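# Sequence first, then the predicted structure, then my questions.
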Amino acid sequence: MPLADLGHDRALLVSRWLELTRQILPEMAARERWPIRLDHCFMRVCLDTAMGRRWDEVVQRPAIRHLTEAELARAVAVAESLVRDPGNLPDLNTESLRMRGRRF
């Protein structure tokens, strides 16, 4: 379901978030042999990108319970963008890791 159809209904956003990060993106990653494959890695990349910094610096853990609807909508939009254009994943992953102090 497109993000525009979800509006800011929290239950629909959570459902789509989990579908994207636990099912769709990991399945695409396995098929295409992406550098990341695990659901929590996709969550990290999408949340860091949506927040513009380490998500856990601005949102209490667990994120799914503490994200505002607007923050969750931004994270879902990032995940949707990866489905449409997976070529952005390496750069987003590298930036997320850089935010976390990893060097390349």
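That came through, no problem. Numbers count the residues shown, from 1 in each chain.
# so how far is Glu95 from the residue most central in space within the chain?
Relative to the mean C-alpha position of the chain, the nearest C-alpha, by Cα atoms, centre = their mean, is the one of Cys46, at 2.5 Å. Counting by Cβ to Cβ, to the nearest Å, the gap from Cys46 to Glu95 is 12 Å. Any C-beta I mention is one placed from the backbone N, CA and C, and that applies to glycine too.
# Repeat that for Asp9.
Applying Cβ to Cβ, the value for Asp9 to Glu95 is 29 Å.
# Also Ser15?
As defined by Cβ to Cβ, Ser15 lies at a distance of 27 Å from Glu95.
# before we move on, what about Ala63?
In this structure, Ala63 lies at 18 Å from Glu95, with Cβ to Cβ as the measure.
# For these two, indicate the residue with more neighbours.
In terms of neighbours (other Cβ atoms under 10 Å), Ala63 is the more surrounded of Ala63 and Glu95; the figures are 19 against 14.
# For the more buried one, give me its contacts.
43, 47, 55-56 (Cβ atoms under 8 Å, 6 or more residues apart in numbering).
# same thing but at 6 Å, please
Contacts were defined as Cβ atoms under 6 Å, 6 or more residues apart in numbering; by that measure Ala63 touches Leu47.
# what are the ranges of the helices in the chain?
If DSSP state H is used as the criterion, the helices of the chain fall at 3-6, 10-19, 25-32, 39-51, 63-66, 69-84, 89-99.
# Take the ones you listed and lay them out in TSV including mean pLDDT.
Formatted as TSV, the entries for these read as follows, by pLDDT from 0 to 100:
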stretch	mean pLDDT
helix 3-6	55
helix 10-19	97
helix 25-32	96
helix 39-51	98
helix 63-66	96
helix 69-84	98
helix 89-99	97
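# now, of these, which is deepest in the fold?
Mean neighbour count, computed with mean count of other Cβ atoms under 10 Å, is highest for helix 39-51 among these, reaching a mean of 22.
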